[in-house]
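from the sequence below, what's the structure:
(2 chains)
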Amino acid sequence: DQQVKQNSPSLSVQEGRISILNCDYTNSMFDYFLWYKKYPAEGPTFLISISSIKDKNEDGRFTVFLNKSAKHLSLHIVPSQPGDSAVYFCAAKPDYNFNKFYFGSGTKLNVKP
Amino acid sequence: GAVVSQHPSRVICKSGTSVKIECRSLDFQATTMFWYRQFPKQSLMLMATSNEGSKATYEQGVEKDKFLINHASLTLSTLTVTSAHPEDSSFYICSARDQGTQFFGPGTRLTVL
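From the prediction side, this is the model:
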């Protein structure tokens, strides 16, 4: 049962343009959401997070938007850079289990120079 | 962010041998660490939650006698893959929770011949 879904396995964007990565979830008890970036043969690196009490969180070029009614979150990268090319995972945590994170299957972003 | 290390980064072993992977939180104490497994082109699958000073909590379908977890201190958790077989070949990643966020180690590539 995939509670966090990333329906786009890959995304290709031109350098300087905006990258939008999407994530959908089914569990209304999720209260904390995160985005991770992963290079091949490395562990995921934490990028940005958002609590369910907010609908937007911004950190430099990265902005995460949360739409609770649609159970949807997105990560915007502006402007995109070639170094952003990686696999991006979204993750969610339920309010009833502080330790358990559910991960999406990842979206591979390719930023073309 | 918090730093988590893993050792070794890569290991090749013969079928039937046991392999130990270490996970350390370098700049914080972690009462809880997590072990994940990632198959190619798939999401991170939580294997078990490692609790300092007590038994690990295993996810459904994960053999606790196959994947031994020891969390002897607030900065170290170990995963031992016992009697490894080729189907155990995978990328194993640990993480540790610092406040509300999980930080991941760089991962260990296990290849069982």
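
excluding chain neighbours, what is closest to residue B:13?
Once flanking residues are discounted, residue B:13 sits nearest to residue B:19: 5.3 Å by CB to CB, 6 or more residues apart in numbering or on different chains. Heads up, the C-betas are built off the backbone N, CA and C, glycines and all.

count the neighbours of that neighbour for me.
Residue B:19 has 19 neighbouring residues, counting by other CB atoms under 10 Å in any protein chain shown.

residue contacts, it?
By CB atoms under 8 Å, 6 or more residues apart in numbering or on different chains, residue B:19 lies in contact with B:11, B:13, B:80-81, B:84, B:110.

ok, the most centrally placed residue in chain B to residue A:82 distance?
Closest to where the C-alpha atoms of chain B average out (CA atoms, centre = their mean) is residue B:35, at 3.7 Å. With distances taken as CB to CB, to the nearest Å, residue B:35 is found 33 Å from residue A:82.

quick revisit: now, of the contacts of residue B:19, which are buried?
B:11, B:13, B:81, B:84, B:110 (16 or more other CB atoms under 10 Å in any protein chain shown).

double-check that residue B:36 belongs to a strand.
Yes. Counting by DSSP: H, G, I helix; E, B strand; the rest coil, residue B:36 falls inside a strand.

residue B:24 touches residue B:5, doesn't it?
Yes. Contact criterion CB atoms under 8 Å: residue B:24 and residue B:5 qualify, at 4.8 Å.

who's more crowded, the two?
Higher neighbour count among residue B:24 and residue B:5: residue B:24, with 19 against 15, using other CB under 10 Å.

and the helix or strand where the more buried one lies, what's buried?
Assigned by DSSP states H and E, residue B:24 belongs to strand B:19-25. Across strand B:19-25, burial judged by 16+ other CB under 10 Å covers B:19, B:21-25.

and chain A, is the helix or strand of chain B with the lowest mean pLDDT touching that?
Lowest mean confidence among the helices and strands of chain B (mean pLDDT, DSSP states H and E): strand B:101-104, at a mean of 86. Yes. Strand B:101-104 lies within reach of chain A by CB under 8 Å from any CB of the partner chain, at B:101-104.

from those residues, list the buried ones, please.
Burial by neighbour count, judged by 16+ other CB under 10 Å, picks out B:101-104 from the residues of strand B:101-104 next to chain A.

any idea how far residue A:34 lies from chain B?
Separation of residue A:34 from chain B (CB to the nearest CB, to the nearest Å): 7 Å.

confidence score at that residue?
On pLDDT, residue A:34 comes in at 94.

for chain A, which residue gets nearest to chain B?
The nearest approach of chain A to chain B comes at residue A:43, 3.7 Å away (CB to the nearest CB).
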